[in-house]
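**Student:** Any chance you could fold what I've pasted below:
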Amino acid sequence: MSEAAHKALVRLRRLHTAIAVASTAFLVAGSLVITPNEGVQAVILLVAVGIFGVPHGALDHLAGRAALESRLGHLWLPVFLVLYLTVCAGVVFFWLQFPVVMLLSFLAVATLHFGSEDAGPAEPIQAHPRRRLWIRRGEILGRGAMPIVLPSAVHPSEVGRIFDTLGLGSTPITGEELSLVIGALWPVLIILLAPMLADAVGRALRARSTEPLSRLVEIPVLAAALSLLPPLVGFVVYFVGWHAVRHTLAWVVRLNANNPIEGLMSFAQLALPLTLATIALGWGAWMWMDSAPTDRALQIIFVGLAALTFPHVALEIAVSAHDEH
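**Tutor:** Numbering: from 1, shown residues only. Coordinates of the predicted model:
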């Protein structure tokens, strides 16, 4: 990523953080007044992820082009589509056969993906590079684990019900048992994030500025949302309102670092075909499946996200390597 794109991304992320913090705090306060039932939560999940969440990964073909075109020429597209769809189909197949293994694998990959997105672009390391590297690694793991660990710790029954719907109901381990194990890891979040906070405080004192601490205000707000909101609503707030937007902003500056509005318009045009195709596949799965509507919604969203996440993360790694090169 160029220096201009890096600066543009930092500015856009600051604006997004301010808006997202206010919006999330408002939703948390509103949840004290009204909480939708599970059926309504499932509808919110389907609509929000389908319309706002899916597009953030709908430029994977551009990542595939960057990774393959120089090697394969005009053949990059068919090769990309075959590889991408094969991985997606493989994830669904293995999920049906080994739900516990695939769920844990998905949670692990999601942790790294969420964390790297939330941590944002790495700052230039000027002093103590090894220490700062380990602090950043802890931040990535801590931030990425928050959307998984906190709901499991506070709402083990509700999260366990989701896990059971995703296949654990037919395995020796129940969803609630797995949720309790994951939720018990909440002290690890403190261990992972404490060095980052201490480092930010130290830099703020040395610079006599609150700037190093300003970006950390999102952590308690997100922690409150993930702990107080129902798990499905908390996931929608985090995935759609935070993760998907930040990923989209990274693409916006890649497309047009000088004019974010034009970059966003380009992103919308480029993302539309794959977004519609993904929604069509989801609709086809809905018509084919015969489980209860709420269970069907959870299975389509979460297994579908898993199927898209594995190739999506692999392509993001390829794009990052390409940008650095």
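
**Student:** now what about stretch 9-16, what contacts it?
**Tutor:** 1, 120-121, 215, 245-246, 249-250, 252-253, 260 (Cβ atoms under 8 Å, 6 or more residues apart in numbering). (C-beta placed from N, C-alpha, C; glycine too.)

**Student:** Among the residues you listed, name the buried ones.
**Tutor:** 1, 120, 215, 245-246, 249-250, 252-253, 260 (16 or more other Cβ atoms under 10 Å).

**Student:** still on that earlier bit, tell me the one of the contacts of stretch 9-16 nearest Thr86?
**Tutor:** Ala250 (26.2 Å; Cβ to Cβ).

**Student:** What strand or helix carries the residue nearest to that closest one when sequence neighbours are not counted?
**Tutor:** The spatial neighbour of Ala250 that comes closest, neighbours along the chain excluded (Cβ to Cβ, 6 or more residues apart in numbering), is Leu9 at 6.2 Å. Remark: Leu9 resides in helix 3-31, with elements defined by DSSP states H and E.

**Student:** quick one: buried residues of that helix?
**Tutor:** The neighbour-count check on helix 3-31 (16+ other Cβ under 10 Å) flags 5, 8-9, 12-13, 16-17, 20-21, 24, 27-28, 31 as buried.

**Student:** closest to Val79 among those?
**Tutor:** Proximity of the buried residues of helix 3-31 to Val79 (Cβ to Cβ) peaks at Ala5, which lies at 27.9 Å.

**Student:** quick one: terminal-to-terminal distance for stretch 46-54?
**Tutor:** One end of stretch 46-54 to the other measures 10 Å (Cα to Cα, to the nearest Å).

**Student:** List the buried residues for that stretch?
**Tutor:** Buried residues in stretch 46-54, counted by 16+ other Cβ under 10 Å: 46, 48-50, 52-54.

**Student:** now the helices for the stretch 101-250 of the chain?
**Tutor:** With helices called from DSSP state H, counting those that start in this stretch, the stretch 101-250 of the chain shows them at 129-154, 156-165, 175-183, 186-207, 211-214, 218-228, 231-238, 245-255.

**Student:** Relative to Asp295, which of these is closest?
**Tutor:** helix 156-165 (4.9 Å).

**Student:** what's the average pLDDT for the helix or strand harbouring Trp95?
**Tutor:** Assessed by DSSP H and E, Trp95 sits inside helix 76-97. On average, the pLDDT along helix 76-97 is 92.

**Student:** what's it packed up against?
**Tutor:** Judged by 3 or more Cβ pairs under 8 Å, 6 or more residues apart in numbering; DSSP states H and E, the packing partners of helix 76-97 are helix 60-72, helix 99-119, helix 293-324.

**Student:** right, and those helices - which one's nearest Val87?
**Tutor:** helix 293-324 (4.5 Å).

**Student:** Which other helices and strands does the closest one contact?
**Tutor:** The contact analysis (3+ Cβ pairs under 8 Å, 6+ apart) places helix 293-324 against helix 38-48, helix 60-72, helix 76-97, helix 99-119, helix 156-165, helix 260-288.

**Student:** 6 Å instead, please
**Tutor:** helix 38-48, helix 60-72, helix 76-97, helix 99-119, helix 156-165 (3 or more Cβ pairs under 6 Å, 6 or more residues apart in numbering; DSSP states H and E).

**Student:** what's the average pLDDT for it?
**Tutor:** For helix 293-324, the mean per-residue pLDDT is 83.

**Student:** Compute the inter-axis angle for that helix and helix 99-119.
**Tutor:** In terms of direction (axes from the mean of the first three to the mean of the last three Cα atoms, to 10 degrees), helix 293-324 departs from helix 99-119 by 50 degrees.

**Student:** Direction-wise, compare helix 293-324 with helix 76-97 and give the angle.
**Tutor:** Angle, helix 293-324 to helix 76-97, by the same axes, to 10 degrees: 140 degrees.

**Student:** Can you mark which positions in helix 293-324 are buried?
**Tutor:** 294-316, 319.

**Student:** that older thread, tell me which of the helices of the stretch 101-250 of the chain sits most buried.
**Tutor:** helix 231-238 (a mean of 24; mean count of other Cβ atoms under 10 Å).

**Student:** Pull the distance from that one to the chain's centre.
**Tutor:** Centre-to-centre, helix 231-238 and its host chain are 11 Å apart (Cα atoms, centre = their mean, to the nearest Å).
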